[in-house]
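Undergrad: A predicted structure for the sequence below; I have some questions about it.
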Amino acid sequence: MSRHRDVRNTNYDDEYEGYYDVYGHSVEDDYAISPSVEHFLYSRDRQHAQLSHFMTGGAIPEDQRESFSDTESDPLGDSTNAFTSKYGLSDENEARLRSCIDDIRNVVGDTIPESSLARAVLNNDYNVERSLDVVLCQQESKRPVTLDISTKPKKGPPIRDSLKVKVQPPSRDRSPAAGASASTSSITPALSAVSVSASKRQVTKGFDPVDDPPVPPVGNLSRRSSRTALQTENTDAGSRPVENGGRVDDVLGAAATFQPKSKQNVDIQAELLKREQGEKLLSLVVIGHVDAGKSTLMGHLLYKLGCVNKKTMHKYEQESKKLGKASFAYAWVLDETGEERTRGITMDVAQTKFETESKIFTLLDAPGHRDFIPNMITGAAQADVAVLVVDASTGEFEAGFDAGGQTREHAILVRSLGVSQLTVAINKLDTNNWSETRFREITNKLKQFLKQVGFKDSDVSYIPVSGLTGENVVESSQLTALTSWYTGPSLVKQLDLMQPPKRDIHMPLRLCISDIFKGMGSGFSVAGKIESGYVQISDKVLIMPKTEAASVKGITLHDEPVTFACAGDHVTLTLTGADMNNLGFGNVLCKHVDPVKVTNRVRAEIIIFNIDMPITKGFSVIFHFGTASEPAIIRKLIKIINKKTGEVLKRKPRCLLKQQHALVEVETARPVCVELFKEFRSLGRIMLRYGGRTIAAGVITEISPSS
């Protein structure tokens, strides 16, 4: 610094010339300031008066409680002779008036002018109770109360029982000159607010006298029934005169009590009739061997139906090209996770919806890889109908259909889970130039196999399609190579011909939870399919097997809020009152009056599939039921049964071999929610898996007590 300036010889007076002229100024002199603002800015250039100069109106009142809008003066001003000059009161009556006003202030607060309180006290001969009645009636007439209560009242004490009015016993040594007001001047009820409904955010105020401590009769304070209807709206205070000796509770009866509106129950029959007349709901699961083109086919179907816009589809095409997977663009409509898109396979069940001419479908895209068969079972357990996608390419159909392929296993699983209607989409037939010979070859093999599994020929249809090009998916194909030998409907038109199964709407509520997550609002959400019964908002439900009680706060069906849902709907319920950490997949939501059965030992009739080793007592398996699974062991081999006649072939067999029909007892590691097959078909079906393969399937015939 010293190399550049002569610091030692600097004249600081010249350096800071003009500095003291601006010191102390808030702003620059040339800054634009309005006159009104400049008045409050401090500046040394002008002489300011003392601080009191800025205060107008003379002395500051210590306690200015209210302002008077009318022309009359305040009878309770600072003057000590205000009462005497205004009303001609003696010192004794002035003291009585002040005491009564203070008692009323303890109830109504500072919102009412003291002039109104003084007039009420003087007109009622210093009677605090009657004066308070008059004041409250005047306030009610000026401010009508409107309450909107949507919750059902609970049984028990009235709502006003929770409102407290503390009554102090009167002093016995009060001077007799106080007269009748001596016994009433000590009444100090405490005002409390009661929140009626958090959602409506309505608040009502009232009083509730308590029984202790006992007091002498003072205006006969008593309780009044909380069932009195609220009549305060559009009510004139003049039409409700207060009689002498009247009760504060009687005056407040209409304002402090109300009749809550009961829960608005949905008319079930009307809702069902509306659904029958409208579009029917169906759950559709898409199954098949890995790389059969399931996601591509359904993604193209959604795009052609308008469920995916062009902008999103163009984005998927560009992103898939960057990864070298241009043919997976339509599959990305359903494969949303990064791992699924990178690996090129479906790993979890994707869910969406689409509409046809007469149906609304809930689409469940199940994974085809053998490592994710448990996820496929979860999706198939929620389905009403199924689409089996097979690859018509040379060698690919044989790889999926022969031993080790998932085409066979998927068909067996969906039939064992109760799906009876099946549409076979023979995909990628364009790679064989829409060959009729290849189509007939595939259909002949599948017909024989599906008939053995349990599908009827009338419930199975075969549609040639191309998921990549979209031929014969939504609209019937116009290609000569295909139309020369195929005259059937397109895939969407065939799906529209499927019929929904019978819904157990009048059975007790059963909802298998397939997903649990925390939403943005209060509570948490559970998703799943309602197997039987119905549910509506504000219902009290029970989540088994943890016995968690909850209340239904909201219902979402196909991303739209509804007030009612019934059997067959895939819904998302927002619940409150339960611990989210105690729930898990496979839990069942039911009603308190008819809960689901919980046990860890069941007896089931099972059919053994192709197995490599016999099943013996103590055999460890994975017990699949509904949307969950649990480790289990086979405790007993009870008997072998003839599948057709039901005749007992052998009791207490030592082992079970493939293709045998047997009655066994299975014990799970933890209690599970199950039902008898004859009562609840969907909750009465089970699967047994071992070593990554499905070895048996069956139905529950008996539920034993938990061990």
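TA: Sure thing, it's come through. Here the structure is a predicted model, which means the values were calculated and not measured.

Undergrad: Give me the buried positions along stretch 353-368.
TA: Using 16 or more other CB atoms under 10 Å as the test for burial, stretch 353-368 gives Lys353, Phe354, Thr356, Lys359, Phe361, Thr362, Leu363, Leu364, Asp365, Ala366, Pro367, Gly368. For glycine as for every other residue, the C-beta is placed from the backbone atoms N, C-alpha and C.

Undergrad: What sits closest to the third one if chain neighbours are left out?
TA: Leaving aside its chain neighbours, Thr356 sits nearest to Asp496 (4.1 Å; criterion: CB to CB, 6 or more residues apart in numbering).

Undergrad: can you check the last one too?
TA: Of all residues not flanking Gly368 in the chain, Val290 sits nearest, at 4.0 Å (CB to CB, 6+ apart).

Undergrad: residues touching that neighbour, list them.
TA: Ile345, Pro367, Gly368, His369, Arg370, Gly400, Gln406 (CB atoms under 8 Å, 6 or more residues apart in numbering).

Undergrad: what about the closest residue to the fifth one other than its chain neighbours, distance to Leu413?
TA: Taking CB to CB, 6+ apart, and ignoring the residues beside it in sequence, Arg370 has Gln406 as its nearest neighbour in space, at 5.9 Å. Remark: distance between Gln406 and Leu413 (CB to CB, to the nearest Å) = 10 Å.

Undergrad: what sits in contact with each of these two?
TA: Once CB under 8 Å, 6+ apart is applied, the residues that Gln406 and Leu413 both contact turn out to be Ile373.

Undergrad: Name every strand pairing with the host helix or strand of Ile640 and say which way it goes.
TA: Under the criterion of DSSP states H and E, Ile640 resides in strand 628-641. The pairing partners recorded for strand 628-641 under DSSP bridges are strand 620-625 (antiparallel), strand 648-651 (antiparallel), strand 661-674 (antiparallel).

Undergrad: Nearest to Glu531, out of those strands?
TA: strand 661-674 (11.1 Å; CB to CB).

Undergrad: Pull out the buried residues from the closest one.
TA: Per 16+ other CB under 10 Å, strand 661-674 contains these buried residues: His661, Ala662, Leu663, Val664, Glu665, Val666, Glu667, Thr668, Pro671, Val672, Cys673, Val674.

Undergrad: Surely the last one touches Ile703?
TA: When you say that, I think you mean Val674. Yes. Counting by CB atoms under 8 Å, Val674 does reach Ile703; the two are 6.4 Å apart.

Undergrad: May I have the phi/psi pair for the residue nearest to Glu675 when sequence neighbours are not counted?
TA: In space, and not counting its chain neighbours, Glu675 is closest to Leu683: 4.0 Å by CB to CB, 6+ apart. Phi and psi for Leu683, reported as degrees, to the nearest 10, are phi -90, psi 0.

Undergrad: circling back: burial measure for the residue nearest to Arg370, as a count.
TA: 23 (other CB atoms under 10 Å).

Undergrad: List the contacts of it.
TA: Counted by CB under 8 Å, 6+ apart, Gln406 has contacts Gly288, His289, Val290, Gly368, His369, Arg370, Ile373, Gly400.

Undergrad: Adding pLDDT and distance to Gln421, write these out as TSV.
TA: Output for these, formatted as TSV (pLDDT from 0 to 100; distance: CB to CB, whole Å):
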residue	pLDDT	distance to Gln421
Gly288	92	16
His289	91	20
Val290	89	24
Gly368	88	20
His369	88	25
Arg370	86	25
Ile373	90	22
Gly400	87	21
